[in-house]
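S.K.: just need the structure, nothing else, for what follows:
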Amino acid sequence: MPRTVVIDCFPESVPAYCDGHVIVAVDVIRATTTAITGVALGRRCHPVRSLEHAFSLAAELPDALLVGELKGSTPCGFAMTNSPADLAQRADVSRPMILLSSAGTRLICAAGSAKAAYVACLRNFSTQVGYLAAQHDRVAIIGAGARSEFRDEDQLCCAWIAEGLIEKGFVPENEVTRRIVARWSGAPVDRITESRSADYLRASGQLRDLEFVLSHVDDLDTVFAYRGGEVVAMQASG
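M.R.: Okay, here's the model as predicted:
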């Protein structure tokens, strides 16, 4: 049997892959970048699927830091929005982070139903490739999407991970995967500045997060798994 890789999008797509694939969740702008940044700095990270889930978990975790957005707005009672740049500046890493976003954290939580689930962004895509190639035979890389669109930044990250696996002998499962990989092969990372997500960050005065993403590409040699409701760092060697 060939080793295979497939690219898809949206949290609702996850159930189609839970039985036979491991799942890599990608939300470059911004949920998986925020989660990985927090964990890389030594903070615990608990993604949640809803506002109700966030407050319920906060009642169980002493001194939890509520981080996130819904439809672009920071919910009442949250300490900050879903900002990797702002999170990286905080010194209170001992506080566990409860992370909520419109699509990205729903994707991560849904991926927990697979036999293995990983959280990736541009910060660790090469290391993620190496780990997947060493450990797994069927991989689904799923972008979070936004407003019913597979955003460019997620396509690029998914494509770069898939292309790395293809170079290691994996076979694309469908034509859509082949087309996405071909579209983004060799593309400069600043292509994502043309995306609607980048437009939103400009319009809302949050360019610091776009700059953070662009300046933190492949700078982590860590794999991040989603286990037991928490994003955890793993040794890259597996």
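
S.K.: state the distance from residue 181 to residue 70.
M.R.: Using C-beta to C-beta, to the nearest Å, residue 181 is found at 32 Å from residue 70. Where C-beta positions appear, they are placed from N, C-alpha and C, glycine not excepted.

S.K.: likewise residue 185?
M.R.: Applying C-beta to C-beta to residue 185 and residue 70 gives a distance of 34 Å.

S.K.: and the two? Which one has more around it.
M.R.: Each of residue 185 and residue 70 has its neighbours counted (other C-beta atoms under 10 Å); residue 70 has more, 15 against 12.

S.K.: ok, the more buried one touching residue 51?
M.R.: Yes. Contact between residue 70 and residue 51 holds when scored by C-beta atoms under 8 Å: they sit 6.6 Å apart.

S.K.: between the two, which contacts overlap?
M.R.: Common contact partners of residue 70 and residue 51 (C-beta atoms under 8 Å, 6 or more residues apart in numbering): residue 100.

S.K.: what comes into contact with the lowest-mean-pLDDT helix or strand in the chain?
M.R.: Evaluated with mean pLDDT, DSSP states H and E, the helix-and-strand set of the chain has its lowest mean pLDDT in helix 196-203, which scores a mean of 94. Helix 196-203 is contacted from outside by 28-29, 72, 146-147, 149, 151-153, 192, 206-207, 209-210, using C-beta under 8 Å, 6+ apart.

S.K.: convert the helix or strand following that helix to PDB, retaining C-alpha atoms only.
M.R.: The helix or strand immediately downstream of helix 196-203 is helix 207-215, counting by DSSP states H and E. As requested, the backbone C-alpha atoms of helix 207-215 are provided in PDB (Å, rounded to 0.1, in the frame of the first residue of the first chain):
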ATOM      1  CA  LEU A 207      -0.400  44.000  11.500                       C
ATOM      2  CA  ARG A 208       1.900  42.900  14.300                       C
ATOM      3  CA  ASP A 209       0.500  39.400  13.900                       C
ATOM      4  CA  LEU A 210       1.100  39.300  10.200                       C
ATOM      5  CA  GLU A 211       4.700  40.500  10.800                       C
ATOM      6  CA  PHE A 212       5.100  37.900  13.500                       C
ATOM      7  CA  VAL A 213       4.000  35.100  11.100                       C
ATOM      8  CA  LEU A 214       6.300  36.400   8.400                       C
ATOM      9  CA  SER A 215       9.300  36.700  10.700                       C
END
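
S.K.: check which residues of the following helix or strand past helix 207-215 are buried.
M.R.: Sequence order places strand 223-227 as the next helix or strand after helix 207-215, per DSSP H and E. Across strand 223-227, burial judged by 16 or more other C-beta atoms under 10 Å covers 223-226.

S.K.: stretch 34-52: how far from the chain's middle?
M.R.: 11 Å (C-alpha atoms, centre = their mean, to the nearest Å).

S.K.: I'd like the numbering to begin with 807 instead of 1 from here.
M.R.: Taking 807 as the first residue, the last one we looked at is stretch 840-858.

S.K.: look at it and report the distance between its end residues.
M.R.: Terminal residues of stretch 840-858 are spaced 20 Å apart (C-alpha to C-alpha, to the nearest Å).

S.K.: ok, now stretch 983-999?
M.R.: Terminal residues of stretch 983-999 lie 22 Å apart, using C-alpha to C-alpha.

S.K.: pLDDT (mean, whole number) over that stretch?
M.R.: The pLDDT scores in stretch 983-999 average 98.

S.K.: any residues touching that stretch, and which ones?
M.R.: Contacts of stretch 983-999 (C-beta under 8 Å, 6+ apart): 811-813, 834-835, 928, 958-959, 961-962, 964-966, 968-969, 972, 978, 1004, 1016, 1019-1020, 1023.
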